[in-house]
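Attaching a predicted model along with its sequence, questions to come.
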Amino acid sequence: MRRNIAAGNWKMNTTVSEGVELIKELEKQSIPSDVEMIICAPATHLSSLVGCGDIQIGGQNIYMQDKGAFTGEISPLMLVDLGVKYVLVGHSERREIFNEDDQILAQKLNKALEHNLKPIFCFGEPLNIRKEGSHISYVQKQLENGLFHLSEEELGDVVLAYEPIWAIGTGETASPDQAQEMHASIRKSIENKYGKVAADNISILYGGSVKPTNAEEIFAKPDVDGGLVGGASLNVEGFGKIANSF
């Protein structure tokens, strides 16, 4: 079933003690019952954050093997053992900085789903693609290569997050109409591949400089089901306002 989601990605920020305090303060925020709040925290924090309250905790990364000689990686078994429910797959920084391609991300999706973790699958175009006007076909290819191997049943456990790379950490934000255009295109692609029921039920988040000042206008669009929020999720009051923007 389609859900309203406010997901925060803390990236490589906060110490464990700072993260615990932040979660405790977020728990005090009044959040509507129909909004699911998720925090994707650094791996060092996960064991301390799970069980702190009602906020769902997610990992920021997952490896495509259960165990082995992969120094520095985190396996799905480790995440499951900690009680983590969600995990980011395909975040723009993993794609851009760590060179994770569609083939790797497809394997990560498979491994997450194999262990009943719910992936938040991220994708989106860089500035040059947006300027060329080929952003819709670019994103379509990302979906085809990284996502469309899944069955309809598997897709039901995935949350999608459209991230225009040109609007991440730049202060630039896609206009509500630009976000809606892309989200509608994504939902249509899902419908063409999996049918209308699957398309109507999947949550598609917008991730690109979401702030308390623009969240309400963006979330009001019919195909936008929430946000994947970076820097603003580190501010208790601001993230609380974002979660109340539906």
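Done, it's in. Numbering: from 1, shown residues only.

Check the secondary structure at L160 for me.
Secondary structure assignment for L160 (DSSP: H, G, I helix; E, B strand; the rest coil): strand.

what does the model give the closest residue in space to it that isn't next to it in sequence for pLDDT?
Counting by C-beta to C-beta, 6 or more residues apart in numbering, the nearest residue to L160 once its immediate chain neighbours are dropped is I204, at 4.5 Å. Glycine gets a C-beta too; all of them are placed from N, C-alpha and C. If you check I204, the pLDDT there is 98.

Could you double-check that I204 sits in contact with D225?
Yes: the criterion here is C-beta atoms under 8 Å, and I204 meets it with D225 at 5.5 Å.

can you pull out the helices in this protein?
Taking DSSP state H as the test, the helices found in the chain are 16-27, 46-49, 76-82, 92-96, 102-114, 127-132, 135-146, 152-155, 176-194, 196-201, 215-219, 236-243.

who does the longest one touch, helix- and strand-wise?
The one in question is helix 176-194. Helix 176-194 makes packing contacts with helix 135-146, helix 152-155, strand 159-162, helix 196-201, strand 204-206, helix 215-219 when contacts are defined by 3 or more C-beta pairs under 8 Å, 6 or more residues apart in numbering; DSSP states H and E.

try it again with 7 Å
Helix 176-194 makes packing contacts with helix 135-146, strand 159-162, helix 196-201, strand 204-206, helix 215-219 when contacts are defined by 3 or more C-beta pairs under 7 Å, 6 or more residues apart in numbering; DSSP states H and E.

what sits up against the last one?
Applying C-beta atoms under 7 Å, 6 or more residues apart in numbering, the contact partners of helix 215-219 are 176, 179, 206, 210, 224, 226-227, 242, 245-246.

need the contact list for the closest residue to H45 other than its chain neighbours.
Nearest residue to H45 in three dimensions, chain neighbours excluded: G19, at 4.4 Å (C-beta to C-beta, 6+ apart). By C-beta under 7 Å, 6+ apart, the contact list for G19 reads 41, 45, 49.

In CSV, list the residues you listed along with pLDDT, neighbour count and distance to Y63.
Converted to CSV, the contacts of G19 look like this (pLDDT from 0 to 100; neighbours: other C-beta atoms under 10 Å; distance: C-beta to C-beta, whole Å):
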residue, pLDDT, neighbour count, distance to Y63
A41, 98, 27, 17
H45, 98, 23, 18
L49, 97, 24, 20
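
With that, I have no additional questions.
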